[in-house]
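[1] Predicted model and sequence below, questions to follow.
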Amino acid sequence: MTTAHLRPAWAEVDLGRLQANVERLRRLVAPAALCAVVKADGYGHGAVPVARAALAGGAVWLAVALVEEGVELRQAGIDAPVLVLSQPPLSAWGAVVEHHLTPTVDTIEGATALADRLAQHGPGAGGATGGPGTSGTGSPDASGDGRGWPVHVKVDTGMHRVGAAPEQVAAVAAAVMGRKELRFEGLWSHLAVSETDDRFNQAQLELLAKVRAALAAAGLEPEMVHAANSGGGLLHPDARLDMVRCGISIYGYPPAPGVAGDLGLEPVMTLAAGVSHVQRLPAGERISYGRRYVLTADANVATVPLGYADGVPRRLSSTGAEVLIGGRRRPVAGTITMDQLMVDCGDHPVQVGDEVVLIGRQGDEVITAEEWAERLGTISYEILCGVGPRVRRRYVNDPAA
């Protein structure tokens, strides 16, 4: 007997909706290719199922933050190109090569370390199932013409997180092209305020174009250039270039409220649970830690088996947060605890096992991750990524099924 899913709490992930979101985005950004960003376990949705649904929707690249995340995709049998979005630590180059990942490099040392690893040990198959510029047979190039292992060089055009400074990019690109083991497949950058019409977006794109022209003049030309994230793809057509890296948008949320317009993106995740306990309490009773919530009338109080250890932020307790029970909004009663929260249902009848929707739709009512984010002064990304590993993911409408 398995004990993995005994608690009546789950995150339902609609892979059909995700596929449809990708299809809409792909049509919007065409002829640019679409890269689905599946880092952070697919923004909390599950990286492997999300990756498969995104590829079914027309994505041709995947992107991750960590080498470990790329390895997970390869071990699941996914053979699409996988871009690692930051230069890996030098100790990770063996795993990059073994699992046929496309790394970002932004230093001469990084490029040299990868080339040296390939020169000493060769590409190796390592049980990988293929990948960017591979045939699945250990060759680092699918065409077999020996062009070398594909790498993407990142230039910092103003985000100031990672990437080579513009004046250093030529040296990094030369380090890549100077080694027969490597191939300068991509040049890229990241927009810092893409969800707005801030002029800084254009300044970043102009700087990227200037760097690209300088590289071309030096005979250092990449095969592709990309800069747009979700906001860039949605709002700035001139940022789409050869590829758009879509993250939050494939999960059904815009990078900022209202940005997606009429594109028809639909949230993919529903966070829900079954009522685990019900009690009738008299007016004047105080509920949960701190006893801050006072019943103003006799009420049915339902306990829900989700708490801040599962990604329901404790700070929601003081923001007037609500959940859906019986198709109606009901206030969270008192402090959200580590494993549970309470709901004031008033005189509405409620029973153990009744469905409670924390994020998602029930009847005509809907609560979104954006609503939580607004209450907490944060962004929907943080809410979705915060849904913890104790919460079972339940996948529906899987295009691969």
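    Sure, I can see it. Only a predicted model underlies this, so the values are computations on that prediction, with no experimental measurement involved. Numbering: from 1, shown residues only.
[2] what pLDDT, on average, does whichever helix or strand Asn201 is part of get?
    Secondary structure from DSSP states H and E places Asn201 in helix 199-217. What helix 199-217 shows for mean pLDDT is 97.
[3] So which residue is smack in the middle of the protein?
    Against the mean C-alpha coordinate of the chain, by CA atoms, centre = their mean, the closest residue is Tyr43 at 3.6 Å.
[4] Was I right to think that one contacts Tyr251?
    Yes: between Tyr43 and Tyr251 there is a contact under CB atoms under 8 Å: 5.3 Å. Yep, even glycine has a C-beta here, placed from its N, CA and C like the rest.
[5] Need the residues touching each of the two.
    Val50, Leu384 (CB atoms under 8 Å, 6 or more residues apart in numbering).
[6] Who are the packing partners of the helix or strand harbouring Arg17?
    Per DSSP H and E: Arg17 is located in helix 15-29. Helices and strands touching helix 15-29, by 3 or more CB pairs under 8 Å, 6 or more residues apart in numbering; DSSP states H and E, are strand 33-37, helix 47-56, helix 230-235, strand 243-246, strand 392-396.
[7] Reformat these as CSV; add mean pLDDT, mean neighbour count and distance to Thr102.
    Formatted as CSV, those follow (pLDDT from 0 to 100; neighbours: other CB atoms under 10 Å; distance: least, CB to CB, whole Å):
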stretch, mean pLDDT, mean neighbour count, distance to Thr102
strand 33-37, 98, 26, 11
helix 47-56, 98, 23, 15
helix 230-235, 95, 26, 20
strand 243-246, 98, 26, 12
strand 392-396, 97, 15, 27
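[8] Make a markdown table out of these and add distance to Ala20.
    Below are those laid out as a markdown table (distance: least, CB to CB, whole Å):
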| stretch | distance to Ala20 |
| --- | --- |
| strand 33-37 | 13 |
| helix 47-56 | 9 |
| helix 230-235 | 16 |
| strand 243-246 | 13 |
| strand 392-396 | 13 |
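[9] out of the ones you listed, nearest to Ala333?
    strand 392-396 (24.9 Å; CB to CB).
[10] can you list contacts of the closest one?
    Applying CB under 8 Å, 6+ apart, the set of residues contacting strand 392-396 is 4-5, 7, 9-16, 45-46, 49.
[11] again, but for stretch 50-59
    Outside stretch 50-59, the residues touching it (CB under 8 Å, 6+ apart) are 13, 15-16, 18-23, 26, 34-36, 38, 42-43, 62, 73, 76, 78, 80, 246, 250-251, 398-400.
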